[in-house]
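3D, please:
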Amino acid sequence: MQRSPARKAEEGENSTGGHGQEQAREGATNQFPSRIRALTLSLPLVRTLAVLSTLLPLAAAGSVGFANLLRVGEPISVADQRLQANGWRPAPQRQPDQLDQQRAGNRLVSLSGCSGAGLGYCRYDYRREPHSLSVITASNLAGLGLGARVVRWSEDPAGRQWGLCQPERSAELVPCQGP
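Now for the predicted structure:
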């Protein structure tokens, strides 16, 4: 059975019947050494790799490091910029009124609302399919600086929380425990 030139090349044989390594020793050729030829990719394999390379970013997007997503005490404006740069889109649960915007001290699209008393809590909501994220800020919390600062964040609907939580209405803020 006669072999095609392509098959001969795959097996390391040159067009004169010799092997590529021998020919490489004799001088430059248009054949790759056998070690490099072994890396030749078939068209179906190339197509599969192309499809997989488009899916890898989607798989990475599905794994969210919620615990390290935000930092307690950072301004909400900084957190908002970083979240949006990482694919999180504002998705407020309700449309805030003027009083909410005044209490928040900003006009971020993600604002859902603010409490009228206490530490000045405000809620900002984001979405990055299939995840939802709620960010709670406080503006009257000693030691965090002026303005709306991140206090905690939670993954909805799982309810897992990170940051500082207030376990009882009159209690101090303490590191959040799981749901």
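
checking residue 126 next. Helix, strand or coil?
strand (DSSP: H, G, I helix; E, B strand; the rest coil).

mind listing what's buried in the strand or helix carrying residue 150?
Assigned by DSSP states H and E, residue 150 belongs to strand 149-156. By 16 or more other Cβ atoms under 10 Å, the buried positions in strand 149-156 come out as 149, 150, 151, 152, 153, 154, 155. C-beta here means a position set from N, CA and C on the backbone, and glycine is covered the same way.

in this protein, which spans are strands?
Across the chain, reading from the start of the chain, the strands by DSSP state E fall at 89-90, 111-114, 122-128, 131-138, 149-156, 161-165, 174-175.

partners of the second one in the sheet?
This points to strand 111-114. According to DSSP bridges, strand 111-114 forms sheet pairs with strand 122-128 (antiparallel).

using CSV, list the CA coordinates for the partner strand.
As requested, C-alpha coordinates have been extracted for strand 122-128 and formatted as CSV (Å, rounded to 0.1, in the frame of the first residue of the first chain):
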residue,chain,number,x,y,z
CYS,A,122,-28.1,52.4,52.3
ARG,A,123,-28.5,49.4,50.0
TYR,A,124,-27.0,49.1,46.5
ASP,A,125,-27.9,46.1,44.3
TYR,A,126,-25.9,44.5,41.4
ARG,A,127,-26.3,41.6,39.1
ARG,A,128,-23.9,39.4,37.2
